[in-house]
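Colleague: Below is the sequence, then the predicted model.
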Amino acid sequence: MLNPSLSHVYLVKFYNKAVRALVKENQSHSFFEDHWADVHTQDVVAATEDEARSKIAKRFPPEDGFVIENVVTVTH
């Protein structure tokens, strides 16, 4: 179980800049689908904002064109 004092929920928004550029030119990426041109939102449980960014970057690497647009702490 998560220790609420050590973890937070972050809302991370990200997209793929390579797909976005191709879609603007009415083309498609050879691997990623066109929907990656749009902003996607993912909830991430992490101790810090940096850790949340790191978790997203591992799953959606910047080397593959993914860009984190925004990270916000979710408050209840």
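Modeller: Yep, that arrived.
Colleague: just the helices in the protein please.
Modeller: Taking DSSP state H, the helices of the chain run over residues 17-24, 49-59.
Colleague: Which one, of those, ends up nearest to Tyr10?
Modeller: helix 49-59 (3.9 Å; C-beta to C-beta). No exception for glycine: its C-beta is placed from N, CA and C like everyone else's.
Colleague: I'd like to know the beta-bridge partner residues of the most centrally placed residue in the chain.
Modeller: Note on the chain: the residue nearest the mean C-alpha position is Phe14, at 3.6 Å, using C-alpha atoms, centre = their mean. On the basis of DSSP bridges, Phe14 is bridged to His40, Ile68.
Colleague: That one reaches Asp38, doesn't it?
Modeller: No: in this structure Phe14 lies outside contact range of Asp38 using C-beta atoms under 8 Å: 10.3 Å.
Colleague: coming back round to it: ok, now which ones touch the residue nearest to the centre of the chain?
Modeller: By C-beta atoms under 8 Å, 6 or more residues apart in numbering, Phe14 lies in contact with Val39, His40, Gln42, Ile56, Phe60, Phe66, Val67, Ile68, Glu69.
Colleague: try 7 Å
Modeller: The contact partners of Phe14, taken as C-beta atoms under 7 Å, 6 or more residues apart in numbering, are His40, Ile56, Phe60, Phe66, Val67, Ile68, Glu69.
Colleague: gap between the fifth one and Phe14?
Modeller: The gap separating Val67 from Phe14 is 6 Å, by C-beta to C-beta, to the nearest Å.
Colleague: Also Trp36?
Modeller: Here the criterion is C-beta to C-beta. By it, Trp36 lies 9 Å from Phe14.
Colleague: Surely Ala47 is in contact with Leu6?
Modeller: Yes: if you go by C-beta atoms under 7 Å, Ala47 and Leu6 touch, sitting 5.7 Å apart.
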